[in-house]
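Asks: Next comes the sequence, and after it the predicted model I'd like to discuss.
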Amino acid sequence: MASSSTAAGGGNMKGYFRQRKKTGGITKSNSNSKSKKSSSPDHSATLASDIAKPSSLISHASLDLQDDYDGNEEVLRQFDMNMAYGPCLGMSRLDRWDRANALGLNPPKDVERLLRVGKLHSECLWDGRV
Amino acid sequence: MEVDSENNLQRKQSFYQSTDESFEIQKEMYRGQQYSQIYFARLHLMRTLLYSLLPHWKPHVPVCTVLGLEESKECIIVGTLYKHMKLKPSILDEYSKERSSTPLVKPHNFVHADDQLVLEDESGRVKLRGAMLISSVYVTGIVVALHAKETVGGDFMVEDVLEAGLPHQEELPRNSGEDKYVVFVSGLSVGSSSSDPLQFQLLVDHITGHLGDEKEQSVAAQIVQVVIAGNSVEVPRGLLNGQNLASKDQSRLSEPIKELDILLAQIAASVPVDIMPGPKDPANFSLPQQPLHRCLFPGSAAYNIFRSCTNPHSFELDDVRFLGTSGQNIDDLEKYSEANDKLEFLERTLRWRHLAPTAPNTLGCYPFTDKDPFFIEICPHVYFVGNQDKYETRLIKGSEGQLVRLICIPRFGETGVAVVLNTRNLECHALSFGTQFGT
């Protein structure tokens, strides 16, 4: 489990240089938020590792959680990663949900509800990043 | 069929219905997807089907996924086959530092005794062994169920294979016992130096009833449909060498199509014609090939019984189902597997329930996301393939009493042979036109 508390690093050096790392990559946010949540959704099947985030990187930084990343997006990302519904790259999430439904895979209904409401990302989490 | 007082013969009619919707890609939008999507759709579609067949095959053997295999325990797994071929050309060979002695001239057939079969599903892949599995029969892309046991080395020793088998077939309708004929022709190659325009003209004249006496004409009056299965035109590609074309060359480029249009218009004036694109026609490259554009046939397209169709093409004529391609799927199978004759390849694709299993591995294909249109849902009564070396035909039977007429249509430009099928009893014969005298 990654430690989310800012560790008091040895010496004044760390205190001198404010380190505020804007996490652009996906993996860091993943492991961060995974540590914040105590339980993962039922239908998750991720193989993301729980490598502890080195405390030096966030010692005087604020965790970047403004990345459109709330509970709903987490649910959708778990849906993306679930390999029972096939690959997620190259399809919009709703199209993938419709395909899973048409093939009789019973994808979770709350994912459909979230997608049809329309406020969240319509594309999968790798969209534009690969 | 009445004969009028002035010997005017009426051509027979039949009810035509095209079932090509799944092969049309106008509605598809490319979103940057890769081929993993079509493989997933294919695996899922066929796995559901195979799971439903398992209780009849081996009801007491447990089913599991590739990752769920346990050593020395018998089980059934369903997955996509992948054939690792030593001689298969790979783009990476050009970049490998040490060039082994692979010949630069590509062999016609890439099968080798050392080819390895691997079974793959979403969870993993496993090497297959066993005398039951003759690797020269199978190709990459088929979905099968295997009854096997995992060995100590991590391989899977196969004891039995289950293919999907022929799909369900509607019974052949008995429509008043009338003889109605369908003419199949392919590889017209209009515009090529080897094709004889007189031969094609003879064929057109025969179909339209301008040849022969009354008896001959009454036979021609029973032709209700003509299907042209690909490679109708040979565009002089030598002109396309990267330079700007002079106007003289531009008209030379379009002459074969114009010639074809004139001849097709003669046919279309009298009998319904379906024209399918082939590998050498001016259509898109990857399967499913889209219909040749109407503007290529200004004369013929004026007739509404002239239909430009997709490749593969599927249609119904008086409730007799036809399905066929212009040859790319069978030619590709011939490169990557072995059989006694082309009809055996045709039969295999039916038993695997997939028109083109090597797509998209070695055969160009559109990256569909939610469906695999090459999956054969309903068994056709007539299954044809165009642009083959010679005319061959066979009637095969399925386990539920299905009867399918398999037809290999030879290249007309080379052989002068067309194929005629009687839809009443699925009997088939060749129609050959020779223009050589005294040989």
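Replies: Received, thanks. Numbering: from 1, shown residues only, chains lettered A, B, ... in the order given.
Asks: so what's the residue of chain A found nearest chain B up against?
Replies: Ranked by CB to the nearest CB, the top residue of chain A for proximity to chain B is A:G90, at 2.6 Å. (C-beta placed from N, C-alpha, C; glycine too.) A:G90 is in contact with B:31-34, B:37, B:367, B:369, counting by CB atoms under 8 Å, 6 or more residues apart in numbering or on different chains.
Asks: from these, which would you call buried?
Replies: B:33, B:37, B:367, B:369 (16 or more other CB atoms under 10 Å in any protein chain shown).
Asks: so which strand or helix has the first one?
Replies: To tie it back to what came earlier, the one meant is B:Q33. Counting by DSSP states H and E, no helix or strand carries B:Q33.
Asks: Next: the second one.
Replies: Secondary structure assigned from DSSP H and E places B:Q37 in helix B:36-57.
Asks: can you tell if that helix touches chain A?
Replies: Yes: Helix B:36-57 reaches chain A (CB under 8 Å from any CB of the partner chain) through B:36-37, B:40-41, B:44-45, B:48.
Asks: What's the separation between the residue of chain A closest to chain B and B:S18?
Replies: Remark: distance between A:G90 and B:S18 (CB to CB, to the nearest Å) = 30 Å.
Asks: hang on, the earlier thing: which one of the contacts of A:G90 is nearest chain A?
Replies: B:Q33 (2.6 Å).
Asks: OK, contacts around that closest one?
Replies: By CB under 8 Å, 6+ apart, the neighbours of B:Q33 are A:89-91, B:367, B:369.
Asks: Go through stretch B:117-135 and flag the buried ones.
Replies: B:117-122, B:126, B:128-130, B:133, B:135.
Asks: hmm, I was thinking of stretch B:204-219
Replies: Quick answer for stretch B:204-219 (16+ other CB under 10 Å): B:204-209, B:217, B:219.
Asks: Tell me the one of those nearest B:K390?
Replies: B:H206 (20.6 Å; CB to CB).
Asks: measure that closest one to chain A for me?
Replies: Distance, B:H206 to chain A, by CB to the nearest CB, to the nearest Å: 48 Å.
Asks: partners of the helix or strand B:V227 falls within, with directions?
Replies: Following DSSP H and E, one finds B:V227 within strand B:223-229. Strand B:223-229 has its sheet partners listed here by DSSP bridges as strand B:181-185 (parallel), strand B:273-276 (parallel).
Asks: and the residue nearest the centre of chain B, what pLDDT?
Replies: Closest residue to the average C-alpha location of chain B: B:T325 at 2.9 Å, with CA atoms, centre = their mean. The pLDDT attached to B:T325 in the predicted structure is 96.
Asks: if we can go back for a sec, so which of the buried residues of stretch B:204-219 sit within helices?
Replies: Within those, residues falling in helices by DSSP state H are B:204-208, B:217, B:219.
Asks: Could you export those residues as CSV, including pLDDT?
Replies: Shown next, in CSV, are these (pLDDT from 0 to 100):
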residue, pLDDT
B:V204, 95
B:D205, 94
B:H206, 93
B:I207, 93
B:T208, 92
B:Q217, 88
B:V219, 86
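Asks: Any stretches of chain A with poor pLDDT?
Replies: A:1-69 (pLDDT under 70).
Asks: again, only using 50
Replies: Residue ranges of chain A with pLDDT under 50: A:1-11, A:24-40, A:44.
Asks: Show me which residues of it sit near chain B.
Replies: Within chain A, the positions near chain B by CB under 8 Å from any CB are A:83-84, A:86-87, A:89-92, A:95, A:98-99, A:102-105.
Asks: For the residues you listed, pick the one with the most neighbours.
Replies: Among these, the one with the most neighbours (other CB atoms under 10 Å in any protein chain shown) is A:M91, at 24 neighbours.
Asks: just checking, that residue touches A:S122?
Replies: No: A:M91 is beyond contact range of A:S122, at 10.3 Å (criterion: CB atoms under 8 Å).
Asks: Overlap in contacts, those two.
Replies: Contacts common to A:M91 and A:S122, judged by CB under 8 Å, 6+ apart, are absent.
Asks: Pull the contacting residues for the residue of the stretch 101-250 of chain B found nearest chain A.
Replies: Residue of the stretch 101-250 of chain B nearest chain A, by CB to the nearest CB: B:E122 (5.0 Å). By CB under 8 Å, 6+ apart, the residues touching B:E122 are A:83-84, A:86, B:40, B:43, B:65.
Asks: need those in a markdown table with distance to B:T362, can you?
Replies: Below are the contacts of B:E122 laid out as a markdown table (distance: CB to CB, whole Å):
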| residue | distance to B:T362 |
| --- | --- |
| A:M83 | 26 |
| A:A84 | 28 |
| A:G86 | 22 |
| B:F40 | 19 |
| B:L43 | 18 |
| B:T65 | 27 |
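Asks: now, which of those sits nearest B:N329?
Replies: B:L43 (19.0 Å).
Asks: which residues touch B:R353?
Replies: B:46, B:49, B:163-167, B:375-376.
Asks: Go again with 6 Å.
Replies: For B:R353, the contact set (CB atoms under 6 Å, 6 or more residues apart in numbering or on different chains) comprises B:164, B:167, B:376.
Asks: Using the three-state scheme, assign residue 79.
Replies: Chain wasn't specified; assuming chain A. Here A:F79 is helix, with the state taken from DSSP: H, G, I helix; E, B strand; the rest coil.
Asks: Can you look at chain B instead?
Replies: Three-state call for B:G79 (three-state DSSP): strand.
Asks: What is the neighbour count of it?
Replies: B:G79: 26 neighbours (other CB under 10 Å).
Asks: Look up the pLDDT of it for me, please.
Replies: 94.
Asks: burial measure for B:K12, as a count.
Replies: Around B:K12 there are 15 residues (other CB under 10 Å).
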